[in-house]
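Enquirer: dropping the sequence and predicted coords here.
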Amino acid sequence: MTDNDYSFGTQQEPNIDQDNRADYRLTARARVSLELESGPPGTPEDTSSADKELVCGIRDMSAGGLCLFSAEPVSLDALLAATVFLGNHDQPFRLMVEVVWCRPHESAFLVGVRIIESDETAYVEWVEAVAKAMAEG
């Protein structure tokens, strides 16, 4: 990943009625995989026949949330497991997110998710990675 992979704010930002995030945002060329459905309890994680994942691009991100480009709408208030892939990190970040808004945008959707702090995720590592990216920006 190069220095151009992050920038502050967003240029040519679509007109969104309300943006409640207080954190600074970074734009990023990265992707996230949302786990929309999972297999029955007790099913090994490597058995993905019952899983449905939605791969989205990241429009911008902060320590507390992400704005995603999605090919399909996502249910409001859904709590979803997310895997975030950032090019300058060897391992993806496993996070838990809550869908706070979803709006049509051109031929797709913009989806706003809030990152939920959880002991069983890479929440602390995520916050540190975003802080480092902002310090370098």
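Expert: Structure received.
Enquirer: could you use CA atoms for every contact and neighbour count after this?
Expert: Fine.
Enquirer: would you map the helices across this protein?
Expert: 123-136 (DSSP state H).
Enquirer: which strand runs longest in it?
Expert: strand 93-105 (DSSP state E).
Enquirer: hmm, who's touching that one?
Expert: 73-85, 109-118, 121-123, 125-126 (C-alpha atoms under 8 Å, 6 or more residues apart in numbering).
Enquirer: list the buried ones in it?
Expert: 93-102 (16 or more other C-alpha atoms under 10 Å).
Enquirer: what's the angle between that strand and helix 123-136?
Expert: 70 degrees (axes from the mean of the first three to the mean of the last three C-alpha atoms, to 10 degrees).
Enquirer: model confidence over strand 93-105, on average?
Expert: Mean pLDDT, strand 93-105: 96.
Enquirer: pull up the pairing partners for it, direction included.
Expert: strand 79-85 (antiparallel), strand 108-116 (antiparallel) (DSSP bridges).
Enquirer: for those strands, which one sits closest to Arg59?
Expert: strand 108-116 (8.4 Å; C-alpha to C-alpha).
Enquirer: lowest mean pLDDT among the helices and strands of this protein, which one is it?
Expert: strand 6-8 (a mean of 37; mean pLDDT, DSSP states H and E).
Enquirer: quick revisit: list only buried entries from the contacts of strand 93-105.
Expert: Neighbour counting with 16+ other C-alpha under 10 Å marks 74, 79-85, 109-116, 121-123, 126 as buried within the contacts of strand 93-105.
Enquirer: how far away is the nearest residue to Ala108 once chain neighbours are set aside from Gly64?
Expert: Excluding the flanking residues, the one nearest Ala108 by C-alpha to C-alpha, 6 or more residues apart in numbering is Ala71, at 4.9 Å. Applying C-alpha to C-alpha, to the nearest Å, the value for Ala71 to Gly64 is 23 Å.
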